[in-house]
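# Got a predicted model here, sequence first, then my questions.
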Amino acid sequence: MFRGEEMCLVQLFFQTESAHTCINELGLLGLVQFRDLNPGAAAFQRRFVKEVRKCEEMERILRFLEAEITRSNIPVSAAVDSMGVSCPRELLELECKIKKLEEELKEINGNHDVLKRNFIELLEIRSLLKVSTDFFEEAESQLSCSELPSEDSVSIAASSRTLGRRNSSISTNGPQKLAFIAGVIKQDRFPAFEKVLWRLFHENFILRHAEIQDAEQQTEDRRMKKDAFVIFVQGDQVQGKIKKICNGFRANLYPCPNNLHAREEMRMNVHTRIEDLRMVLRRTEEFKVTVLTKAAATIHQWVTKVKKMKAIYYTLNLCNIDITQKLIVAEIWCPVSDLNSVQNALIKGSEQSGYTVSPVLNRIQTQQIPPTFNRTNEFTKGFQTIVDAYGVSNYREINPAPYTIITFPFLFAVMFGDCGHGLILTLLAIWVIKQQEQLSRWKSEFVDVLVGGRFIILLMGLFSIYTGLIYNDCFSKSFSICRSSWRVRHMFQPSGPWSNKTLHAFGHLHLDPEIPGVYSGSPYMFGIDPVWNIASNKLSFLNSYKMKMSVILGVSHMLFGMALSLVNYMHFRNFQNVLLRFVPELVFMLSLFGYLLFLIFFKWTVRLRSETAPSILLIFINMMLFSYQTDDKFLYSGQKALQMFLVLQALLMVPVMLLIKPLLIYRHRVQLQQQAATGNKMGNQIDEVSMGDIFAYQAIHTIEHCLGCISNTASYLRLWALSLAHAELSEVLWRMLLRGTLGCHPGLGSLLLALVFSCFALLTFAVLIVMEGLSAFLHALRLHWIEFQNKFYQGAGFKFTPLSFTSL
């Protein structure tokens, strides 16, 4: 947990016939990563590429079946993980079964679509016949007049619209017989359709249309609004042109008799056909549901089998097969502590295949860098993911995740410290933990992140409650857990200067700790004294307190990171870096910023008057600049000499970090060259890296450390800034919303209070918990990645990715 597992490279030899069962057992174990023994071979040149493609095709068919099952709202049985592995013959049978099922479903869907399309056409014909009766009656009445109605005499009804056009070719001696075209068109296309007809034929047609009000037709056609229309024209040529226009606008044209008796007969025939089609559609859907219900009972088992077989064939493509085609050779990375488990799994797989010859494991020595494997559980997995997001640790490098479990939520809570807000986060995390199984079924990236980080949120909430108690802050209000260390009574006469006139004469009064009894002399038992919540200089006090606290936490965090670098150096037996890197860096850090912490603690322990106490910031600046005046006030005797010594000591560490290590490397190379000149074989081991590159690298590292100590310490001041911002935002919400409403009278005041409290709760959750919580999370993440981990963590390794069926 504190360091990656020790890995080893193992060579495997097992029979071809037992390959499936052996690899299946290794996949169930999930502790083996196969190396590619054919790196030069392309994907299509692998031995089992046909089997892999066959599995991919089966996955496509299974995705199609899952989509059909989901579309039909059929419940799927829970997945049952089968420990066994399917043999190639079973895979072939499964392939034939699901292909046959796919063809059957495609045929059912094709027939259903054709029947559905015919059913919608019949519904449109029925609607057209309903509205066409009025069209024909009105058209016949217009033909009895001497002329057709002009465009200026258009009459508009509630559900239909009549357009008349002047036709100069119609004789005025008597009524004329007109041809007609009937159909259905989408309502949004009708205005353009009407405009095209008018521009081409002007007054040589009569157009009637009405919206189809058939609810069944709209439901079957996905609630798409359509209009039924009838066009009365003269001449076959004009009729042919109009039909082409209808086809261009994708209007459906239907035959419509021109007399009432024929239309009634056709309506009865259409109604009969609709009822027959409705029954056929119902039977088709029932048959489809029956087929899908049977498939839903085993769909998860099929998916699991196919995924396992695909993983097995993909793994076999990474192995080598000897000339006799009877022996498979593989190389795997696995933890040393799990070698016995791997061997037992291979023996079990060989026995399941029916062969008595056990696979052979041969541990081989290698110069290759092994992958990094950090064991995790449900609790530590989220924190390990945070660390790996920055970079996977080098092999056997110290793992920051165990320390991040404590430091990450604590630094978050320093910026987010509020008992009430922390309690909400804690309750949210507890709810997610209890509802984990139900939430895991949701296919949402946000829900996956929430479930994966449930324990991180839990610790952030608990630590926020703790820091909220330290700050004595709960929704911007303080509470008195213990008795305050300040007493107001002793400020009144005769022991103090106050009187009743003093209370009425001054708006702000100051408590004097020099007066006996006003200050008890002992600090508040836990956290900040609640009396500061009503003090006029509350912000100044909290500003000073949180700024110093952030510096203390930041320097302590960085010193802890440097201590972990010492653990790394000792583990890898790199004693040169201990003396030439760790010791100078630690001395430089302690000489400057360790002394800054000493000043903070010393000033807290010494009793000083605020008017005469020297500023720590000015002391530190003057210390760095060697700027001392005769009237400077010091905290203790000998302070000037000690500060000058510490600065000179820090400056002396710079050439130590910059020059000593490159000079030692240079001397070692000279010795190797001398040995090479005398014919010693050891003289051939001369590094090809130039000395200029070594000096440049060391200079960059030295400058980065010296400047980083300053910039990283300043970066931790974000703890102070975000903590103050969070507290002030909470105070603003309290003052602007709740405080004024709580004094309202009953009645309407109660309704107003409920409304304002709803707004307060909504803004608290959206702004203070979600937005401020996300901001504090990102800042805590940056402090760990940049300020903490760069002291000891390289993060240049590659992750151990074992063959594991649980991750499929």
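That came through fine.
# Could I get the full set of strands for this protein?
In the chain, the segments counted as strands under DSSP state E are 7-15, 33-34, 160-163, 179-186, 205-211, 226-233, 252-253, 320-321, 327-335, 360-364.
# got the angle for the fourth one vs strand 226-233?
Per axes from the mean of the first three to the mean of the last three C-alpha atoms, to 10 degrees, the angle that strand 179-186 makes with strand 226-233 is 160 degrees.
# Paired strands for strand 179-186, with orientation please.
Strand 179-186 has these partner strands in its sheet, going by DSSP bridges: strand 226-233 (antiparallel), strand 252-253 (antiparallel).
# Point out the most buried one among those strands.
strand 226-233 (a mean of 24; mean count of other C-beta atoms under 10 Å). C-betas here are computed from N, CA, C, even on glycine.
# so for that strand, what's the average pLDDT?
Average pLDDT, strand 226-233: 86.
# just stretch 358-376 next, same as before
According to the model, stretch 358-376 has a mean pLDDT of 91.
# Quick check: end-to-end length of it?
31 Å (C-alpha to C-alpha, to the nearest Å).
# Can you tell me what sits against that stretch?
For stretch 358-376, the external contacting residues (C-beta atoms under 8 Å, 6 or more residues apart in numbering) are 1, 4-5, 7-15, 18, 22, 33, 331, 333, 335, 339, 342-343, 346-347, 349-350, 384, 392-395, 397, 399, 401, 797-801.
# follow-up on the earlier one: how about the strands of the chain, which one is nearest residue 490?
strand 327-335 (68.6 Å; C-beta to C-beta).
# Contacts made by that closest one with the rest, please.
Contacts of strand 327-335 (C-beta under 8 Å, 6+ apart): 5-16, 19, 26, 31-35, 37, 315-316, 318-322, 342, 364, 370-371, 373, 800, 802.
# Kindly give a single ChimeraX line that selects the buried subset of those.
This is how ChimeraX selects the buried members of the contacts of strand 327-335, with burial counted by 16 or more other C-beta atoms under 10 Å:
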select :5,7,8,9,10,12,13,14,15,19,26,31,32,33,34,35,315,316,318,319,342,370,371,373,800,802
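# how about the nearest residue to residue 508, chain neighbours excluded?
residue 536 (5.2 Å; C-beta to C-beta, 6 or more residues apart in numbering).
# And for residue 486?
residue 531 (4.8 Å).
# Now do the one you found against residue 689, distance only.
According to C-beta to C-beta, to the nearest Å, residue 531 and residue 689 sit 64 Å apart.
# So those two - more neighbours on which side?
More crowded of residue 531 and residue 689, by other C-beta atoms under 10 Å: residue 531, with 18 against 11.
# which residues does the more buried one contact?
484-486.
# Give me the neighbour count for the residue nearest to residue 567 when sequence neighbours are not counted.
Closest residue to residue 567 apart from its sequence neighbours, by C-beta to C-beta, 6+ apart: residue 398 at 5.7 Å. Applying other C-beta under 10 Å, we find 19 other residues in the vicinity of residue 398.
# same deal with residue 604?
For residue 604, the neighbour count with other C-beta under 10 Å is 11.
# now residue 360
Around residue 360 there are 13 other residues, counting by other C-beta under 10 Å.
# re the thing from before, closest to residue 774 out of the strands of the chain?
strand 33-34 (35.5 Å).
# what does the closest one rub up against?
315, 318-319, 330-334, 371, 800-803.
# and that strand, how far from the chain's centre?
28 Å (C-alpha atoms, centre = their mean, to the nearest Å).
# Residue 265 is nearest to which of the strands paired with strand 179-186?
Of all the strands paired with strand 179-186, strand 226-233 comes closest under C-beta to C-beta, at 18.6 Å.
# how many degrees apart are the closest one and strand 205-211 in direction?
Using the same axes, to 10 degrees: strand 226-233 against strand 205-211 is 160 degrees.
# Could I have the CA atoms of strand 226-233 written out in CSV?
This file holds the C-alpha atoms of strand 226-233, laid out as CSV (Å, rounded to 0.1, in the frame of the first residue of the first chain):
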residue,chain,number,x,y,z
LYS,A,226,-50.9,16.6,-41.5
ASP,A,227,-53.4,18.2,-43.9
ALA,A,228,-55.8,16.5,-46.2
PHE,A,229,-56.3,18.3,-49.5
VAL,A,230,-58.3,18.1,-52.7
ILE,A,231,-57.3,20.0,-55.9
PHE,A,232,-59.9,20.6,-58.6
VAL,A,233,-58.5,21.2,-62.1
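# how distant is it from the center of its chain?
Worked out by C-alpha atoms, centre = their mean, strand 226-233 lies 54 Å from the chain centre.
# Tell me which residues are up against that strand.
By C-beta under 8 Å, 6+ apart, strand 226-233 touches 124, 127-128, 131-132, 135-136, 139, 178-187, 190, 197, 201, 204-212, 217, 239, 242, 251, 256.
# Which of the residues you listed are buried, as a PyMOL select command?
With 16+ other C-beta under 10 Å as the criterion, this PyMOL line picks the buried residues out of these:
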select buried, resi 124+127+128+131+132+135+136+139+178+180+181+182+183+184+185+186+190+197+201+204+205+206+207+208+209+210+211+212+217+239+242+251+256
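# tell me which strands and helices the longest helix anywhere in the chain is in contact with?
If you go by DSSP state H, the chain has its longest helix at helix 88-143. In terms of contacts (3 or more C-beta pairs under 8 Å, 6 or more residues apart in numbering; DSSP states H and E), helix 88-143 is packed against helix 49-71, strand 160-163, strand 179-186, strand 205-211, helix 215-220, strand 226-233, helix 260-296, helix 299-316.
# In CSV: the ones you listed, plus distance to residue 655.
Putting the helices and strands packed on helix 88-143 into CSV (distance: least, C-beta to C-beta, whole Å) gives the following:
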stretch, distance to residue 655
helix 49-71, 61
strand 160-163, 95
strand 179-186, 84
strand 205-211, 91
helix 215-220, 86
strand 226-233, 88
helix 260-296, 75
helix 299-316, 55
